[in-house]
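got a sequence here, can you build the structure:
(one chain, ligands or ions: 1)
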Amino acid sequence: MRYISTRGQAPALSFEEVVLTGMASDGGLYVPETVPQLSHEELADMAGCSYAEIAFRVMKPYVGGEIDDDTFRGIVRDAYATFSHDAVVPLNQLDANHYLLELFHGPTLAFKDVALQLLGRLLDHFLAKRGERAVIMGATSGDTGSAAIEGCRHCDNLDIFILHPHERVSEVQRRQMTTVLANNVFNVAIEGNFDDAQAMVKASFADQTFLNGTRLVAVNSINWARIMAQVVYYVASAVALGAPHRKVSFCVPSANFGNVFAGYMAYRMGLPVERFVIATNANDILHRTLADNDFSKQALIATLAPSMDIVVSSNFERLLFEAYQRDGAAVAELLERFQDEPSALAEAPLARLREMFASHSIDDATILEVIREAHHRTQEILDPHTATGYRAAERERGDESVPMITLATAHPAKFAEAVVKAGFPGVPLPPHMDDLLEREERYTVLPAELAAVQRFVAENRR
Ligand SMILES: *Cc1c(COP(=O)(O)O)cnc(C)c1O
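Numbering: from 1, shown residues only. Down below sits the predicted model:
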């Protein structure tokens, strides 16, 4: 399998190269050159298989023979053995035809574990094979950092440095990162805000000389392997509800669009899907684009669903590439214009998107209302991100005879603030984490100065 850039200029890469690379040199994102197909029989044969087995079968064509089957099976099995539920991603029925897909049973209680448990192991495998080491750098305001740390803590060939804004992440989120005491894990609290941390990571990727030739790897959602890992739960949940013999719809709380794009890939591989509903919080660029063709940036709004607080949806570019029928030049032109001024999609690509995607956006007051309403109707306490999905699914349901699967992207205990504001006592952390607030922490506070951060990384990497 070869991977090509959405902007059409960067060289095509192998799977191994694409896992180690991140963004393409032309500013685009990598996508597979052709979409592998799952036949009706192959889907039917997955009924009753374990999650790890379905994962192996769905991802195998993307790996394209670059890892032998036994090794890849082992990597997949290890990645999903870290989940606390035997089904890995269980389905929970909410009403006659509405299901929650619980993606939060991994080590950090949010769906990012599904991809990052795999990505860490894939990176370690390829680095070991090459006899190389690499450094991971990332900035986080919450979920991604802890999931990346958990995904890499056992990787011998990786050192991971995660920057978070000092005293500006919740205690649970900080402790999920800082209580991992592995000797390849480095938490840095920056005396600044998230944007300062992010800017230092970006600058480090732009000029990597401070690492003297060691590879710097990004684990954000532009990495293709994260999308690939997420394709699996769309297939697994649809098969559990009767695919390929009947269609399902999905509703996805969305921000950078990596999650719902993975669903679209499952559809393109042959999974029978009726529609995708994109749910957003008040940061609604995806909803504005689909509903009003208003493809423009707006100021960031801090919401009760902070993991969906974004201005630009980086992975939307991958869908635009398909909507523009893989015309990389047109995608490059649109996205370059969008950087500086409010833009709009051309008519035909927008019409193509509207065939498969609906959208709905809610503000903080409505998030609280939905948490109460969902509890009243189903006895479930939703986390604030999943609440956006619950409402969007109800509003954009379409044909009610088609099962609707809403993706539950985080455990409510992780976002207690919203749950308490909605009028509930807090939600307890699951048993494997109930001593989180007593565990020993380790992190280093640094000023928001690039030189200080780079010196820390260079001196501490192994
Ligand atoms: C990251 C995240 C999202 C958004 O996912 P995207 O792939 O960026 O669209 C939604 N909910 C939670 C809890 C998250 O951590």
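
show the pLDDT at residue 218.
Note on residue 218: pLDDT of 87.

residues of this structure that sit close to the ligand?
Neighbours of the ligand within the chain, by Cβ under 6 Å from any ligand atom: 110, 112, 143, 221, 253-259, 307-308, 385, 409-410. The C-beta positions use only the backbone N, C-alpha and C, and glycine is treated the same way.

among those, which one sits closest to residue 215?
residue 221 (19.5 Å; Cβ to Cβ).

okay but the closest one is in contact with residue 254, surely?
No. The criterion here is Cβ atoms under 8 Å, and residue 221 misses it with residue 254 at 11.2 Å.

who's more crowded, these two?
The residue with more neighbours, out of residue 221 and residue 254, is residue 254; 31 against 24, by other Cβ atoms under 10 Å.

could I get the full set of strands for the stretch 101-250 of the chain?
Here the stretch 101-250 of the chain has its strands, by DSSP state E, counting those that start in this stretch, at 134-139, 158-165, 185-191, 215-217, 248-253.

could you pull out the strands for the stretch 351-462 of the chain?
357-361, 404-408, 444-447.

could those strands go into JSON lines alongside mean neighbour count and mean pLDDT?
JSON lines is the format used below for the strands of the stretch 351-462 of the chain (neighbours: other Cβ atoms under 10 Å; pLDDT from 0 to 100):
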{"stretch": "strand 357-361", "mean neighbour count": "21", "mean pLDDT": "98"}
{"stretch": "strand 404-408", "mean neighbour count": "28", "mean pLDDT": "98"}
{"stretch": "strand 444-447", "mean neighbour count": "14", "mean pLDDT": "98"}
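
can you put the ones you listed in TSV and add distance to residue 389?
Below are these laid out as TSV (distance: least, Cβ to Cβ, whole Å):
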stretch	distance to residue 389
strand 357-361	9
strand 404-408	4
strand 444-447	36
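
determine which of those strands approaches residue 332 most closely.
Between these, strand 357-361 lies closest to residue 332; by Cβ to Cβ that is 22.4 Å.

what's the helix or strand for residue 27?
Under the criterion of DSSP states H and E, residue 27 resides outside all helices and strands.

just the pLDDT for it.
91.

ok, now which ones touch it?
7, 332, 335 (Cβ atoms under 8 Å, 6 or more residues apart in numbering).

do I have it right that the last one meets residue 317?
Put plainly, it is residue 335. Yes. Here residue 335 reaches residue 317: they are 6.2 Å apart, a contact under Cβ under 8 Å.

and those two? Which one has more around it.
Set side by side, residue 335 and residue 317 show more neighbours around residue 317, with 24 against 19, by other Cβ under 10 Å.

look at the more buried one and tell me its secondary structure.
helix (DSSP: H, G, I helix; E, B strand; the rest coil).

check contacts around it.
6, 28, 29, 331, 335.

what's the neighbour count on the nearest residue to residue 429 once chain neighbours are set aside?
Using Cβ to Cβ, 6 or more residues apart in numbering and skipping residues adjacent in sequence, the residue nearest residue 429 is residue 413, 4.8 Å away. Neighbour count of residue 413, defined by other Cβ under 10 Å: 20.

quick one: residue 413 and residue 108, what's the gap?
Counting by Cβ to Cβ, to the nearest Å, the gap from residue 413 to residue 108 is 11 Å.

what do you get for residue 219?
13 Å.

return the distance of the helix ranked longest in the chain from the chain's centre.
Secondary structure of the chain per DSSP state H: the longest helix is helix 112-130. From the chain centre to the centre of helix 112-130 is a distance of 15 Å (Cα atoms, centre = their mean, to the nearest Å).

angle of that helix against strand 158-165?
Interaxial angle of helix 112-130 relative to strand 158-165 (axes from the mean of the first three to the mean of the last three Cα atoms, to 10 degrees): 140 degrees.

residues of helix 112-130 that come out buried?
112-127 (16 or more other Cβ atoms under 10 Å).

same check on stretch 210-223?
210, 211, 214, 215, 216, 217, 218, 219, 220, 221, 222, 223.

for residue 51, which non-adjacent residue is spatially closest?
Closest to residue 51 by Cβ to Cβ, 6+ apart is residue 88, at 3.9 Å.

which SS class is that neighbour?
Quick answer, by three-state DSSP: residue 88 is coil.

same question, the one 4 residues further on
Using three-state DSSP, the structure places residue 92 in strand.

surely it touches residue 100?
Yes. Counting by Cβ under 8 Å, residue 92 touches residue 100, with 4.4 Å between them.

so for the two, which residues contact both of them?
In contact with both residue 92 and residue 100: 380, 408, using Cβ under 8 Å, 6+ apart.

ok, those two, which is more surrounded?
Taking other Cβ under 10 Å, residue 92 and residue 100 do not tie; residue 100 has more neighbours (24 against 12).

ok, now which ones touch that one?
Contacts of residue 100 (Cβ under 8 Å, 6+ apart): 91, 92, 94, 380, 386, 405, 406, 407, 408.

please identify the pairing partners of the helix or strand it falls within and their relative orientation?
If you go by DSSP H and E, residue 100 is part of strand 98-102. Strand 98-102 pairs in its sheet with strand 91-95 (antiparallel), strand 404-408 (parallel), by DSSP bridges.

look up how far residue 64 lies from residue 214.
Distance from residue 214 to residue 64, by Cβ to Cβ: 27 Å.

residue 203 and residue 450 touch, don't they?
Yes. Residue 203 is within contact range of residue 450, at 5.5 Å (criterion: Cβ under 8 Å).

more crowded one of these two?
In this view residue 203 and residue 450 are compared by other Cβ under 10 Å, and residue 450 has more residues nearby, 16 against 13.

the more buried one reaches residue 201, doesn't it?
No. Counting by Cβ under 8 Å, residue 450 stays clear of residue 201, with 9.9 Å between them.

off-centre distance for stretch 414-421?
Distance, centroid of stretch 414-421 to centroid of chain: 21 Å (Cα atoms, centre = their mean).

list the buried ones in that stretch?
414, 415, 416, 418, 419.

want to throw these into CSV with pLDDT?
Listed next are those as CSV, based on pLDDT from 0 to 100:
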residue, pLDDT
414, 91
415, 92
416, 90
418, 95
419, 96
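
of those, which belong to helices?
Among the buried residues of stretch 414-421, the members that lie in helices (by DSSP H) are 416, 418, 419.

the inter-axis angle of the helix or strand of the chain with the lowest mean pLDDT versus strand 185-191?
In the chain, no helix or strand scores lower on mean pLDDT, DSSP states H and E than helix 194-206, which sits at a mean of 91. Interaxial angle of helix 194-206 relative to strand 185-191 (the same axes, to 10 degrees): 130 degrees.

helices or strands next to helix 194-206 in the packing?
The helices and strands touching helix 194-206, judged by 3 or more Cβ pairs under 8 Å, 6 or more residues apart in numbering; DSSP states H and E, are strand 134-139, strand 158-165, strand 185-191, helix 450-460.

picking up where we left off before, out of the contacts of residue 317, flag the one nearest to the ligand.
residue 29 (13.1 Å; Cβ to the nearest ligand atom).
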